[in-house]
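Undergrad: here is a sequence with its predicted model. Questions after.
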Amino acid sequence: MRYGHFDDEHGEYVITRPDTPLPWINYLGTDAYFGIVSNTAGGYSWYQDARLRRITRYRYNNVPADAGGRYIYLRDNGSGEYWSPSWQPTRCDLDEYECRHGLSYTKIASARLGIRAQTLYFVPLGETLEVWRLRVRNERSRPADLSVFSSAEFCLWDAQDDGTNFQRNYSTGEVEVADGVIYHKTEYRERRNHFAYFACSEPLAGFDTQRDAFLGPYRGWDRPLAVERGESAQSIAHGWAPHGSHHVRLPLGPGQTREVIFLLGYWENPQDRKFDPPGSGIINKALAGPVIDRWLRSATVADGFARLQESWAAIRSVMQVSTPDNDTNRMVNIWNPYQCMVTFNMSRSVSMFESGISRGVGFRDSCQDLLGFVHMAPGLARTRILDLAATQLASGGAYHQYQPLTKRGNDTIGSGFNDDPLWLITGVAAYLKETGDTTILDELVPYADSGTSPVQLYEHLERSFRYTMDRLGPHGLPLIGRADWNDCLNLNCFSSTPGESFQTTANVTGGQAESVFIAGLFVLAAKELAGIADLRGRTDDGCRYRAEADKMAAAVTEHGWDGRWFRRAYDYYGQAVGSAENPEGQIFIEPQGMCVMSGIGLTNGMAAKALASVGERLATSHGIMLLQPAYTRYYLELGEISSYPPGYKENGSIFCHVNPWVMIAETMIGDGDAAFGYYMRINPSAREEISDVHRCEPYVYAQMIAGKDAPSHGEAKNSWLTGTAAWNFVAITQWILGIRPELDGLRIDPVLPSAWPGFTASRRFRGATYEITVRDPAHVSGRGARLLVDGRQIQGTLLPLAGAGETVQVEVILGPEHSGPGH
Ligand code: BGC
Ligand code: NOJ
């Protein structure tokens with residue numbers, strides 16, 4: 001069952017009934033001002049940091065779901081009837097309803113009682129404001145006497161404090177109303193130089209700034225008193241809950257359409273120009289005023305929206321593909337890159353499953369997000385890399401995350417995850433492969449904890465590498481620390497206190513628990529680092545890195561192999577985890593994907609065996625589970641992983657992030673059918689038909705889908721902010737379609753499903769455009785491509801670098817020699 005459909009031409013998902021199984025959301029903003037918006041106009045906004053600069057208030061876990069947002073009410077003054085054109089919050093029946101989520105904008109349209117309304121929500125490029133452009137059309141044969149009410153509830157900036165510190169906050173709220181603009185200025189009187197504003201393009205019939213005057217006592221958003229009465233109260237908030245609502249009278253003749261523009265914005269004044277007159281406590285509007293005036297104009301809005309769309313078209317044009325499979329095309333061309341951009345911007349901080357309060361920018365998360373993002377905005381990727389490196393510690397370890405506003409590292413969700421530093425190497429490698437810009441390696445970056453002078457980024461990478469080398473366990477495998485990629489495999493934790501956080505509680509010291517997964521990641525990262533060293537002419541370094549990679553691969557082969565698959569770890573007591581010896585948790589997905597990706601076992605049959613075991617034991621029709629059998633009880637020595645009921649999250653769900661590692665591994669052993677088969681199982685577009693089972697948005701990946709041990713097998717959770725976005729983009733574009741940036745250039749090495757006759761793609765890379773046609777006349781599903789560049793056959797699969805601005809025709813023929821052109 002579906003709740004809408006894709007409109008690929010416009011790059012939109014069109015939701016055609018408002019009561020989706022969960023709020024299906026979108027993100028507004030591309031730069032500093034951001035928001036989330038649901039298909040019924042729910043959600044909230046913030047500036048840079050969803051915790052520290054929250055602009056509007058939102059209550060998670062609310063009933064009914066998703067209450068509070070960017071609301072507009074329409075009132076028929078003739079009958080006194082009122083409704084929400086976005087369905088929520090009044091939930092009155094609509095004759096028509098349609099929500100179009102596009103790239104960084106959302107349009108919600110509906111019709112009721114002969115009145116058609118459409119609201120466009122977006123954040124113009126480079127501005128710190130959001131536009132709500134409402135168009136109302138009277139489709140009746142007689143005049144309509146309408147009123148429009150807007151509604152936005154302000155947050156008192158720090159969302160954590162806002163939701164808890166009521167004894168103070170009920171007394172601090174302050175607003176101003178001037179020339180029809182509502183200003184929210186709580187704490188502006190003291191240390192804040194910023195305020196929010198809510199403006200309207202039309203003359204006002206009234207306004208409210210105190211929430212409870214607008215709603216009325218004991219009422220919710222579904223029946224505000226002001227709307228019911230058709231009159232605002234002109235309330236001024238002193239403390240309690242500052243709110244913004246405009247009332248506009250909108251008489252419409254038959255067939256007439258009118259536009260009303262609302263702006264919700266954020267502004268920062270210079271310290272010495274806060275007040276007008278100086279010292280008065282009144283906001284100086286001289287700087288924000290012209291911006292507000294400009295964006296209240298219809299032409300500015302139309303132009304701003306066009307520029308946003310052009311910018312996305314330009315970003316998307318870096319890579320476009322046309323394959324025989326539509327679910328692949330729309331994910332690769334539209335939604336997957338978009339989700340990569342969103343995860344890059346938000347890290348794991350703010351979605352319907354992340355409250356915007358507790359998680360800043362994750363170190364390992366962002367390093368992986370780079371893999372799917374760097375081709376779209378290499379400049380931003382460069383800045384992010386340097387920010388992340390600056391949260392690395394002199395030991396080579398790293399703060400687990402940082403707060404975007406301050407860029408200071410913090411351990412609020414734990415520390416000592418021993419895989420963290422290695423991801424910096426993979427992130428930097430991805431940047432270098434895409435851009436060829438080796439100057440980044442010379443950038444001087446400080447360590448977060450040392451007073452000593454900054455060192456070159458290259459030195460940071462060396463320290464990342466050494467961090468693992470300095471922490472090897474009894475089998476020569478890396479010590480796991482608190483956990484590795486799998487935050488919930490807490491082998492040194494031994495927590496028996498109810499409610500204690502597995503992620504932050506003190507660990508037992510002196511633990512020797514080792515991770516086979518980190519070993520695989522180390523081999524991968526060491527090889528990347530060797531390539532980087534070669535680029536810099538540091539061939540001695542390169543040899544050393546390769547030698548250590550080989551040694552680690554040997555340790556995995558000796559101690560990490562269980563007979564039919566790679567083991568996961570050794571626990572505190574030196575017992576194998578992820579082994580046939582274990583009653584539960586016998587096989588884990590992570591080491592199978594990571595070890596094969598790093599090249600371990602490719603020549604001795606271990607890789608193929610491990611992947612066959614994944615197929616037999618972990619694969620389901622909804623995707624590949626993280627482990628089997630799921631843990632049915634709590635194991636003190638394993639930690640959070642066994643705290644989850646079987647089939648959920650790290651305890652045996654289909655943890656989508658790691659599925660693409662297996663896809664990539666399958667391409668490395670040449671099995672395009674297996675790789676693409678796995679890709680399709682979790683491709684959200686391919687799951688659209690089962691939206692009532694999947695329940696999350698069909699246009700973005702979710703972190704997890706319940707595994708076969710869960711009663712709700714197939715149900716997705718934690719949509720949007722997940723490493724799944726970047727890794728699936730890498731798996732499909734770089735390994736299945738095989739268009740792969742490498743340090744020396746662009747490689748074309750597809751491993752396709754055998755049913756495909758081929759595909760075409762256009763890829764911009766280091767300034768040149770490659771028009772690629774791949775043909776697979778023999779339907780081989782394996783490796784082996786012959787390349788013709790501008791008609792001439794080349795040796796191997798690495799394209800010669802073309803000059804900036806050039807367009808190069810690339811013809812790729814897969815399969816045995818005789819099936820090439822002319823045969
Ligand atoms: C979740 C993980 C998450 C970790 C850190 C755990 O409860 O299961 O997926 O990475 O918390 O926030
Ligand atoms: C979500 C976290 O954001 C990510 O860093 C981690 O690797 C996975 N959970 C697995 O635990």
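TA: Sure, I can see it. Since this is a predicted model, take the numbers as computed values, not measurements. Ligands and ions are numbered 1, 2, ... in the order given.
Undergrad: for the protein, which residue gets nearest to ligand 1?
TA: Closest approach between the chain and ligand 1, counting by CB to the nearest ligand atom: Asp487, at 3.8 Å. Yep, even glycine has a C-beta here, placed from its N, CA and C like the rest.
Undergrad: isn't Val810 right next to Val789, touching?
TA: Yes. Taking contacts as CB atoms under 8 Å, Val810 lies within contact range of Val789: 5.7 Å.
Undergrad: Glu771: which element?
TA: strand 768-775 (DSSP states H and E).
Undergrad: name the residues that touch that strand?
TA: With CB atoms under 8 Å, 6 or more residues apart in numbering as the contact definition, strand 768-775 has outside contacts at 737-739, 746, 748, 750, 752, 757-764, 785, 799, 801-814.
Undergrad: at 7 Å instead, please
TA: By CB atoms under 7 Å, 6 or more residues apart in numbering, the surrounding residues in contact with strand 768-775 are 739, 746, 748, 750, 757-763, 799, 802-804, 806-814.
Undergrad: which of the residues in it are buried?
TA: By neighbour count with 16 or more other CB atoms under 10 Å, strand 768-775 contains the buried residues Ala768, Thr769, Tyr770, Ile772, Val774, Arg775.
Undergrad: what's the answer for stretch 298-309, then?
TA: Applying a neighbour-count criterion of 16+ other CB under 10 Å, one finds Val301, Gly304, Phe305, Leu308, Gln309 buried in stretch 298-309.
Undergrad: would you point out the most distant pair within those residues?
TA: In terms of CB to CB, those reach their longest pairwise distance at Val301 and Gln309, which sit 12.8 Å apart.
Undergrad: off-centre distance for stretch 697-704?
TA: Relative to the chain's own centre, stretch 697-704 is displaced by 10 Å; criterion: CA atoms, centre = their mean, to the nearest Å.
Undergrad: and the end-to-end length of that stretch?
TA: The straight-line separation of the ends of stretch 697-704 (CA to CA, to the nearest Å) is 13 Å.
Undergrad: could you do stretch 724-736 as well?
TA: Its start and end residues considered, stretch 724-736 measures 16 Å (CA to CA).
Undergrad: run the chain-centre distance for that stretch.
TA: The chain centre lies 14 Å from the centre of stretch 724-736; the measure is CA atoms, centre = their mean.
Undergrad: what do you get for stretch 767-776?
TA: Using CA atoms, centre = their mean, the offset of stretch 767-776 from its chain centre is 28 Å.
Undergrad: ditto for stretch 278-290
TA: Average the C-alpha atoms of stretch 278-290, do the same for its chain, and the two points are 37 Å apart (CA atoms, centre = their mean).
Undergrad: also stretch 107-119?
TA: Taking mean C-alpha positions (CA atoms, centre = their mean), stretch 107-119 and its chain are 31 Å apart.
Undergrad: what residues of the helix or strand containing Arg249 count as buried?
TA: Secondary-structure element containing Arg249, defined by DSSP H and E: strand 242-252. Of the residues in strand 242-252, those buried by neighbour count under the rule 16+ other CB under 10 Å are Pro242, His243, Gly244, Ser245, His246, His247, Val248, Arg249, Leu250, Leu252.
Undergrad: ok, Thr323 touching Arg330?
TA: No. Applying CB atoms under 7 Å as the test, Thr323 and Arg330 come out as separate, 10.5 Å apart.
Undergrad: hmm, back to that, what touches both of Val810 and Val789?
TA: With CB under 7 Å, 6+ apart applied, the overlap between the contact sets of Val810 and Val789 consists of Leu799.
Undergrad: the two - which one has more neighbours?
TA: Comparing Val810 with Val789 by neighbour count (other CB atoms under 10 Å), the higher total belongs to Val810, at 21 against 17.
Undergrad: now for the closest residue in space to Arg70 that isn't next to it in sequence, how many residues are close by?
TA: Counting by CB to CB, 6 or more residues apart in numbering, Arg70 lies nearest to Ala41, which is 5.1 Å off, once chain neighbours are set aside. Using other CB under 10 Å as the criterion, Ala41 is surrounded by 26 other residues.
Undergrad: quick one: contacts for Ala41?
TA: Here Ala41 is in contact with Gly69, Arg70, Tyr71, Ser86, Gln88, Ile108 (criterion: CB under 7 Å, 6+ apart).
Undergrad: what about 10 Å?
TA: Listed by CB atoms under 10 Å, 6 or more residues apart in numbering, the contact partners of Ala41 are 18, 66, 68-72, 84-89, 99, 106, 108, 119, 121, 132, 151.
Undergrad: Pro254 too?
TA: Contacts of Pro254 (CB under 10 Å, 6+ apart): Gly114, Asn138, Glu139, Arg140, Ser141, Arg142, Pro143, Ala144.
Undergrad: doesn't Ala111 make contact with the fourth one?
TA: It stands for Arg140. No. Arg140 is not in contact with Ala111 according to CB atoms under 10 Å; the separation is 11.0 Å.
Undergrad: what pairs with the strand holding Glu771, and is each one parallel or antiparallel?
TA: Note on strand 768-775: by DSSP bridges, its sheet partners are strand 758-765 (antiparallel), strand 807-814 (parallel).
Undergrad: okay, the last one in CSV with CA atoms only?
TA: It stands for strand 807-814. What follows is the C-alpha trace of strand 807-814 in CSV, where atoms were taken according to Å, rounded to 0.1, in the frame of the first residue of the first chain:
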residue,chain,number,x,y,z
THR,A,807,33.8,16.5,-22.4
VAL,A,808,35.0,12.9,-22.9
GLN,A,809,33.0,10.1,-24.4
VAL,A,810,33.6,6.8,-22.7
GLU,A,811,32.4,3.5,-24.0
VAL,A,812,32.6,0.5,-21.8
ILE,A,813,32.1,-3.1,-22.9
LEU,A,814,31.8,-5.7,-20.3
